[in-house]
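1. build me a model from this:
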Amino acid sequence: MTQPLLVIDGDSFAHRAYHALPKTIRRKGNKGAGAIVGFANFLLRLHEDEQPRAVLVGWDTLGVPTHRQKLFEGYQAGRSFDDELIEQLEVLPQLVTACGFANAKAPGFEADDFLAAAVAREERRQRPVIVASGDRDAYQLASELTAILQPIRAGEMARIGPAEVRARYGVDPKQVPDFIALRGDPSDKIPGAKGIGPVGAANLLRRYGTLEAALQSGRFPAQANALRLYRDIATMDASAPLPALRNQNPKWAEGAKLAGDWKLERLAGRLRELGGGQAGQW
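-> This is a model prediction of the structure:
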């Protein structure tokens, strides 16, 4: 059986870790480390559970407008992050690289876009993918080859395929951007169609198949352009640039060296144990 590519929404898991772990976790220079340690724990657990052929972590580029923000000024309006979280997000790719894995980050793109690009590349080759993300927008990527891992509670992960998307949303994965456009998404500040909730959105898509077909039939004439814009915003951009995704051998000892340099001794010890204590690789 072909080993899957593991693709991780780095920002999603770093944010979860930052808010879940005590701010008293510090690293060298008395800098914050909760997001780093929590993300590393996610990464190591996912790698152990899934045994992937390679790992790719996608990241947002903070401080630079994305193409979605340029299209729709209200997109994700009002979001703000603690300075300590932003600083950890900047250095986390160093840990990913040290462990022998790949990062994807580019101005104008979001982490989601790299997930979509990686899935598209792997599926063209008929290879399996595991996508780890806390964002339900990723449901649009579910297929017979691609499963979504979504954290739910107490470290538990739900595995989402097409059947689970249909059970949860009442639509097929490929309809998820249309569903979001109609229903709206408060977390991203997408308003949706007036008076339409999740049940109404699913019913419309079961009847018409696509948002465009519903609009062509005369539904929502005053909102048609806005709804098309919301659909485009909710659609992950599979054109995002990717690094090479060749098979990887984890470099746990290199990761341990970096964690040790940061004075994160517990994390360094865990990585050294995974690396077999081969200090010579440092």
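
2. where along the stretch 151-282 of the chain do the helices fall?
-> For the stretch 151-282 of the chain, applying DSSP state H, counting those that start in this stretch gives helices covering 162-169, 176-183, 198-208, 211-216, 224-234, 252-261, 265-274.

3. most packed of those helices?
-> Comparing the helices of the stretch 151-282 of the chain by mean neighbour count (mean count of other Cβ atoms under 10 Å), helix 176-183 comes out on top with a mean of 26. C-betas here are computed from N, CA, C, even on glycine.

4. need the contact partners of that one.
-> Residues outside helix 176-183 that contact it (Cβ atoms under 8 Å, 6 or more residues apart in numbering): 137, 139-140, 165, 169, 171, 190, 192-193, 196-198, 200-202, 204-205, 210-211, 227-228, 230-235.

5. that older thread, can you list the helices of the stretch 151-282 of the chain in CSV and add mean pLDDT?
-> Shown next, in CSV, are the helices of the stretch 151-282 of the chain (pLDDT from 0 to 100):
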stretch, mean pLDDT
helix 162-169, 97
helix 176-183, 97
helix 198-208, 97
helix 211-216, 98
helix 224-234, 94
helix 252-261, 97
helix 265-274, 96
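
6. could you redo those as a markdown table and give each row distance to Ile86?
-> Listed next are the helices of the stretch 151-282 of the chain as a markdown table, based on distance: least, Cβ to Cβ, whole Å:
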| stretch | distance to Ile86 |
| --- | --- |
| helix 162-169 | 32 |
| helix 176-183 | 27 |
| helix 198-208 | 33 |
| helix 211-216 | 35 |
| helix 224-234 | 23 |
| helix 252-261 | 20 |
| helix 265-274 | 20 |
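
7. closest one to Lys31 among those helices?
-> helix 252-261 (12.2 Å; Cβ to Cβ).

8. in stretch 36-48, what counts as buried?
-> 36-44, 46-47 (16 or more other Cβ atoms under 10 Å).

9. return the subset of those residues lying in helices.
-> Of the buried residues of stretch 36-48, the ones assigned to helices by DSSP state H are 36-44, 46-47.

10. what is the burial count for Lys194?
-> 10 (other Cβ atoms under 10 Å).

11. got the CA coordinates for stretch 142-155 in PDB?
-> Output of stretch 142-155 as PDB, limited to C-alpha atoms (Å, rounded to 0.1, in the frame of the first residue of the first chain):
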ATOM      1  CA  ALA A 142     -12.200  15.000   0.700                       C
ATOM      2  CA  SER A 143     -12.200  12.200  -1.900                       C
ATOM      3  CA  GLU A 144     -11.600   8.500  -2.300                       C
ATOM      4  CA  LEU A 145      -7.800   9.300  -2.200                       C
ATOM      5  CA  THR A 146      -7.900  12.200   0.300                       C
ATOM      6  CA  ALA A 147      -9.000  12.100   3.900                       C
ATOM      7  CA  ILE A 148      -9.300  15.000   6.300                       C
ATOM      8  CA  LEU A 149      -8.100  14.800   9.900                       C
ATOM      9  CA  GLN A 150      -9.900  17.300  12.100                       C
ATOM     10  CA  PRO A 151      -9.200  17.800  15.800                       C
ATOM     11  CA  ILE A 152     -12.300  17.600  17.900                       C
ATOM     12  CA  ARG A 153     -11.600  17.200  21.600                       C
ATOM     13  CA  ALA A 154      -9.000  16.100  24.100                       C
ATOM     14  CA  GLY A 155      -6.500  15.200  21.300                       C
END
